[in-house]
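Q: With the input below, show me the fold.
(one chain, ligands or ions: 3)
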Amino acid sequence: MGKIIIKTPEQIEGIRQSARLAAKTLDFAEQFVKEGMTTELIDDKVEEFIRSHGAIPATKGYNGYPKSSCISPNNIICHGIPSKETILKPGDILNIDITTILNGYYGDTSRMFTVGEVSKEAEELIDTTWHCLDLGIEQVKPGNRFGNIGFVIQRYAKARGYSVVYEFCGHGVGIEFHEEPQVDHASRRNTGPEMKPGMIFTIEPMINQGKAKAVIDKNDGWTARTIDNKLSAQFEHTVLVTQTGCEVLTDIHNEYPVS
Ligand code: MF3
Ligand code: CO
Ligand code: CO
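A: Ligands and ions are numbered 1, 2, ... in the order given. Predicted structure coming up:
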């Protein structure tokens, strides 16, 4: 086990700028999420936007990953590879996940988008997943333990009849793409390391309609689908532990007060 990096004020400011750019890229991507668009076209636009802001898409070439974003529709849990074969149609729900490297610093965020009218079931899954992230963020404060994030997320998701993906997790982020600690979205109360001011990590719950299990595509080695092909949703923020609470670094719409 390595160590959880406590970021310096200078590093925090650098990561904050990158995190804000990642979130701005999601805002920019929204206009291309509509019927008939391919996920490859969205990825092309995303790459252009990131580079035009002096940053680099972190996923491109990361362990051989080929694209500038992950776009994961419907039964895809995460790591969907943008493709000209994937054409958006009414009723689709999709996660777009963006990680930027700006001046060497990483920011990581994802959210759900919808195409036209979506089913009541899909909407409920998206709402629940959003609330799971919200509950996880509420746990971010000095002295609290990482296990409490996964504890509150799993309790809520389960009560609503959903399952929590356990094979992919949040992670420390900022200096590297994936740092310690691993942030589980299903875990036991008061377990894991203690949060300390200056830690930066992601919370990114993936919530499934059916079974929790993920199956990786044999051909591309990336795409993670639900084993029963039911829907999956995900939201992700990059958060900083402050002296007294937390700052959501990817929250450019000020949905979370800094505490
Ligand atoms: N952005 C993803 C995360 O939240 C990681 C994608 S890695 C990739 O951790 F290689 F699949 F792009
Ligand atoms: Co992440
Ligand atoms: Co991400």
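
Q: From here on, just use CA atoms for contacts and neighbour counts.
A: Fine.

Q: May I see the buried residues of the helix or strand harbouring Ile126?
A: Under the criterion DSSP states H and E, the helix or strand holding Ile126 is helix 120-138. Judged by neighbour count using 16 or more other CA atoms under 10 Å, the buried positions of helix 120-138 are 122, 125-126, 128-137.

Q: what about that helix, near ligand 1?
A: No: legend: contact between helix 120-138 and ligand 1 by CA under 6 Å from any ligand atom is lacking; minimum distance shown is 13.2 Å.

Q: try stretch 239-246
A: No: taking CA under 6 Å from any ligand atom as the criterion, stretch 239-246 and ligand 1 are apart, separated by no less than 12.7 Å.

Q: rewinding a little: for the helix holding Ile126, which outside residues touch it?
A: Residues from elsewhere that reach helix 120-138, judged by CA atoms under 8 Å, 6 or more residues apart in numbering: 93, 112, 148-150, 152-153, 156-157, 160, 203-209, 231-236, 239, 246.

Q: Number of residues surrounding the closest residue in space to Ala23 that isn't next to it in sequence?
A: Leaving aside its sequence neighbours, Ala23 sits nearest to Thr250 (CA to CA, 6 or more residues apart in numbering; 5.5 Å). Other residues within reach of Thr250 by the criterion other CA atoms under 10 Å amount to 27.

Q: Phi and psi next, for Thr250.
A: Summarising the backbone geometry of Thr250 under the convention degrees, to the nearest 10, its torsions are phi -100, psi 10.

Q: so it makes contact with Leu26?
A: No: between Thr250 and Leu26 there is no contact under CA atoms under 8 Å: 10.3 Å.

Q: Mark which of the contacts of helix 120-138 are part of strands, please.
A: 93, 112, 203, 206-208, 232-234, 239, 246 (DSSP state E).
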